[in-house]
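Visitor: Let me see the structure of the following:
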Amino acid sequence: MSPLNERACAGIPINWPDNVHPFLVMFPWESYHDRPNALPFTVNITHLSEPCAQSKHCDPNMFDGSPCGLAHMQDIAKMYAAQVKELKLQACNDSRKYMTSLTQLNGYGRLLMAISENDVPCLQQIIKIALDNGASVHEVVNRLEDAIEGIYCCHNPQMN
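Guide: Below is the predicted model:
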């Protein structure tokens, strides 16, 4: 009787992707031995369509009866994968917030430069109308630049 059959644990099914070469061809059999650099598990290929891995140190009483403790390790790996995914999403969101803040800061700088370097006709009216219409700082600066170049004219009833 082999050591695999003596154990109560059936092992963990190996989910081999269908879109790659067969398991028997691609598995690293050269590392399947008892020397120091050996794989830490045995492989049961009794059913070629459903190969199973079992730790060489399997104790079915460990990890609440999970086979070989590998199922527990799979759960931990899935948890870490979920955390990595969440952290990547958070990093993307933080990067987007950072870029938005830089864009706004650049817009405020442009607004201050436009106001300080030019005599903008109807300055208060242009800013008030733009902000009342929900314009961004970038749009306000563009409108001020248009006013400086004479492209945009505000109608000021006080000037008549």
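Visitor: does the residue most central in space within the chain sit in a helix, a strand or a coil?
Guide: For the chain, the residue nearest the mean C-alpha position is residue 88 (2.8 Å; Cα atoms, centre = their mean). Assigned with DSSP: H, G, I helix; E, B strand; the rest coil, residue 88 falls in the helix class.
Visitor: quick one: the helices in this structure?
Guide: 3-6, 23-26, 70-117, 123-132, 137-149 (DSSP state H).
Visitor: Format those helices as CSV; extra columns: mean pLDDT and distance to residue 43.
Guide: Yep, even glycine has a C-beta here, placed from its N, CA and C like the rest. Below are those laid out as CSV (pLDDT from 0 to 100; distance: least, Cβ to Cβ, whole Å):
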stretch, mean pLDDT, distance to residue 43
helix 3-6, 44, 9
helix 23-26, 80, 9
helix 70-117, 82, 12
helix 123-132, 81, 69
helix 137-149, 82, 62
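Visitor: Give me whichever of those is most buried.
Guide: helix 137-149 (a mean of 17; mean count of other Cβ atoms under 10 Å).
Visitor: Let me know the angle separating that helix from helix 123-132.
Guide: Interaxial angle of helix 137-149 relative to helix 123-132 (axes from the mean of the first three to the mean of the last three Cα atoms, to 10 degrees): 150 degrees.
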